[in-house]
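Asker: Predicted model and sequence follow; I will ask about them next.
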Amino acid sequence: MRLPVSKVWVGLSSAGLLSALLATGFTSGVHRQPVVKPKPVTLSVLYMNQAGYTTSVLTQMGKTFHHLHPNVTVKFTFLPYPQMHSAILTSSAAPTAQYDVVLSDLIWTAEFADKGYTIPLNAYIHRYIKNPGGIPQSIWNGFLIHGKIMAMPFLANFQNFYYNKKLLKEAGFRSGPRTMAQWLHQMEVLKAKHILRYPYEDSWKQAEGLVCDYVRTAGEFGNGNLFTPQGKPIMNRGPALKALQWMHMLYAKGLINPNSLTADEPTAADAFAAGQVAFNTNWTFVTGIMNTPSESKIVGQGVVAPFPVVPGTNTRTHSATISGYQGLAIPANVPKALKPWAWKWIQFATSATVQARHLRSQWPVWTSVASSAAEAKLNPSYKVYEQNLNAAYNRPKVANYLTVSAIIQQYVHEAIAGTLPVKQAANEMVHQIEALHP
Amino acid sequence: MAVERVASLGRPKLGHRIFRALSGEYFWFYLLLLPSVVILLGVVIIPMLYALKMSLGNTSVVVIGGHGSVQSTFVGLANYVALMQNPAFWQALRETLYFWVVSIGLELTVGIGMALVLNQKFWGQKVVRVLVFIPWAVPTVVNAMLWGMILNGNDYGVLNDLLLRLHWIRTPVVWLTPTPVFQGVPWLSHSLGALGSNLAMNAIIVGDEWKTLPIVAILVLAGLQMVPAEYYEAARVEGASWVSQFFRITLPLVGPILTVVLILRTMQLLRAFTLVYTLEGYGLPLLSISAYQQAFSFGAFGPGSATAFIIGMIALVIAYFYIKRLYREVL
């Protein structure tokens, strides 16, 4: 049966009108505004509970974000640093990501970009970050792989040189060392005068921290780059070799606590805060610990300083340190509908406003916050922080970084302990890394 | 040919045979067995076959079109060949075998010794038996933290503090560093090093044995209590010495239980992970640690799975000899 055309038009017009009335709320003579209730969203965020922002600071940030976006609940998973990478890896293997936002350490950036585990954030950053120049280019560079920004900078972590002025005064020194020779002399005097059994403690356990200290020490000798720009490993010559010899010498002479070979960063920080050693090179969290009476026996004695360097090197910065920037990234297998919310959380957590609110916790990535009056009031050493931040060397930016790092860790550890002669360990390190990159 | 055909005609079809088996007198037998079979398939057999597949492939995690998955390209035995050509693999194998041999040696001597003592009648025997069992009840991670404090390389480490007070050492020893032992005797230090021995390894063996010796002792004790007292009485009447009684009566009769203990402990020791990883991270690369590092740190699931399968093969070979001996003893 066919309906006449006029009836079809009438029917369609009536239906259209009814739809329009319904859409404008014209159903019972009352004009209503349409209320679109946003769907509840749970964002799963992976962060570490070892360094960086504390769990309580992050939880507080999550609550504030929920207050701004009541439909979004931020659920945190806090893991120790060594478990973070495998957690991201296994989450990437699932059809849908277990975490919607992950902490991306500097050293994983190249791997994640190469394997496509996280998405580039260029589009979001260009659209929503009004002043990207507010973050130093050196920090952006850490997360930049072939023009793609793989994570939004969250935390500008780097190492500082810490010394105990009271212990140095006992040994007859009025200030900390500015050159490697001065540092060695101060350690020898502290030991010779029996002020300390071991003047220095560091985190030389066979782990990532050892690579950081090795790169930084090579930097102090003039060049913290372990690879040439063409990608050839150069640990068996120049500053990298001198760094290895220096580290072994400190161990052999008993100037560094031999327990450093099994110590991680918090252990080394505790030894410094307990007044057991005069020197410690560590991440920025030590500044807070050494001045907190409940955690430190050296309140008022610890000094944050630029690193001693070999004269004639690092002439621009007069220091040399290691970067340990953290970024926030979005895994590639996060559902499409969640990605905008994941970015909203990243934008919120990395914003200058939020970082200004949590200055006590970490050094901010935004220059405006770092050089603010509030920061200067909270952290009298902020100028030293700036100097060290500008003197930061990066660890090698290679896609199979963790494999390269494992080789470096093994041979640096063996060279320090004297299990292998320094030169042989350096040659073996280079040989094995070259075998990975024929 | 004709006989085969007749035989095949005479046998009921497979479907009928399965139906008869399931509906017959064994119905309940199969039904009650089913949950165990399903669990075994789900958590052991299928994952094991999947791991085997990964070990034979270039396996990696990929994210395509917003969906993550594990992809594998078949490469045959290439992962196994690459491992055999890697000096790090042989170093890990040496250290794993050293860990196993020394631990088993301690369990055979100290474990049996403890069991023999606990088998004697003395005042407070029951209390001692309970106390001895406590370390076994301590979770492995807690045990690791405990030994981390005992073996701390500073002067406030429990062991260092004790030895310093006794004037047995002059400076604290960093027990958990994989440095050579007996450095004053170069040939001995070198030989032991070649076998996979180092300070950290020996310290970790002590920590592991503190936890596991009690279970070995208790199991051997159970075996000892099944040996009839008359055998010893008869041996004493015949004038057999204590040593003779031990080797001619105790050891042969405890043999089957000892073999079971050795099989279990061999499996555990070859895949030992928690204690070593908690104390050393990747610093003491036993095969199990190496397998984990390759798979979950380097993302190289092929070599990681191949290493895990080699651990399984070694355990299987060792278990084969134990079981062969066990059946010979039982029969």
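Answerer: Here it is on my side, so go on.
Asker: Tell me how the chain divides into domains.
Answerer: All of this is about chain A. As given by automatic domain parsing, the domain ranges for chain A are A:41-157+A:324-393, A:159-322+A:400-436.
Asker: think we crossed wires, I meant chain B
Answerer: Using automatic domain parsing, the domain parsing of chain B gives B:12-52, B:86-330.
Asker: So which of these is the most surrounded?
Answerer: Compared across the domains of chain B, domain B:86-330 shows the largest average neighbour count, a mean of 17 (mean count of other Cβ atoms under 10 Å in any protein chain shown). Just so you know, the C-beta spots here come from the backbone N, C-alpha and C atoms, and that holds for glycine as well.
Asker: Average pLDDT for it, rounded please.
Answerer: In this model, domain B:86-330 has a mean pLDDT of 91.
Asker: how distant is that domain from the center of its chain?
Answerer: 9 Å (Cα atoms, centre = their mean, to the nearest Å).
Asker: My read is that residue B:266 contacts residue B:100, right?
Answerer: Yes - if you go by Cβ atoms under 8 Å, residue B:266 and residue B:100 touch, sitting 6.6 Å apart.
Asker: mind listing the strands in chain A by residue range?
Answerer: A:41-48, A:72-79, A:101-105, A:144-145, A:148-149, A:152-155, A:159-164, A:279-283, A:302-305, A:321-322, A:326-329, A:392-393 (DSSP state E).
Asker: May I see the ones you listed organised as CSV, with mean neighbour count, mean pLDDT and distance to residue A:402 added?
Answerer: Compiled in CSV, these are given as follows (neighbours: other Cβ atoms under 10 Å in any protein chain shown; pLDDT from 0 to 100; distance: least, Cβ to Cβ, whole Å):
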stretch, mean neighbour count, mean pLDDT, distance to residue A:402
strand A:41-48, 20, 93, 16
strand A:72-79, 17, 94, 16
strand A:101-105, 28, 94, 11
strand A:144-145, 18, 92, 16
strand A:148-149, 19, 95, 20
strand A:152-155, 24, 92, 21
strand A:159-164, 26, 96, 20
strand A:279-283, 25, 95, 20
strand A:302-305, 21, 96, 31
strand A:321-322, 28, 96, 17
strand A:326-329, 26, 94, 17
strand A:392-393, 23, 94, 19
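Asker: so can I have JSON lines of these showing distance to chain B?
Answerer: Converted to JSON lines, the strands of chain A look like this (distance: least, Cβ to the nearest Cβ, whole Å):
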{"stretch": "strand A:41-48", "distance to chain B": "15"}
{"stretch": "strand A:72-79", "distance to chain B": "13"}
{"stretch": "strand A:101-105", "distance to chain B": "13"}
{"stretch": "strand A:144-145", "distance to chain B": "16"}
{"stretch": "strand A:148-149", "distance to chain B": "15"}
{"stretch": "strand A:152-155", "distance to chain B": "19"}
{"stretch": "strand A:159-164", "distance to chain B": "17"}
{"stretch": "strand A:279-283", "distance to chain B": "15"}
{"stretch": "strand A:302-305", "distance to chain B": "20"}
{"stretch": "strand A:321-322", "distance to chain B": "19"}
{"stretch": "strand A:326-329", "distance to chain B": "13"}
{"stretch": "strand A:392-393", "distance to chain B": "23"}
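Asker: sorry, back to before: select, out of the domains of chain B, the one closest to residue A:413.
Answerer: Residue A:413 sits nearest to domain B:86-330 of all those, at 7.2 Å, using Cβ to Cβ.
Asker: so which strand or helix has residue B:100?
Answerer: Assigned by DSSP states H and E, residue B:100 falls within helix B:87-106.
Asker: export that helix as CSV, just CAs?
Answerer: Extracted in CSV, the C-alpha atoms of helix B:87-106 (Å, rounded to 0.1, in the frame of the first residue of the first chain):
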residue,chain,number,x,y,z
PRO,B,87,78.6,-15.0,28.2
ALA,B,88,76.1,-13.4,30.6
PHE,B,89,73.9,-16.5,30.3
TRP,B,90,76.7,-18.8,31.2
GLN,B,91,77.6,-16.6,34.2
ALA,B,92,74.0,-16.7,35.3
LEU,B,93,73.9,-20.5,34.9
ARG,B,94,77.1,-20.9,36.9
GLU,B,95,75.7,-18.8,39.7
THR,B,96,72.4,-20.6,39.7
LEU,B,97,74.1,-24.0,39.9
TYR,B,98,76.3,-22.8,42.7
PHE,B,99,73.3,-21.5,44.5
TRP,B,100,71.6,-24.9,44.1
VAL,B,101,74.5,-27.2,44.9
VAL,B,102,75.6,-25.3,48.1
SER,B,103,72.0,-24.9,49.3
ILE,B,104,71.2,-28.6,48.7
GLY,B,105,74.5,-29.6,50.4
LEU,B,106,73.6,-27.5,53.5
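Asker: Show residues contacting it.
Answerer: In this structure, residues lying in contact with helix B:87-106 by Cβ atoms under 8 Å, 6 or more residues apart in numbering or on different chains are B:83, B:194-197, B:201-202, B:204-205, B:208-209, B:212-213, B:262, B:265-266, B:269-270, B:272, B:284-290, B:307, B:311.
Asker: No further questions, thank you.
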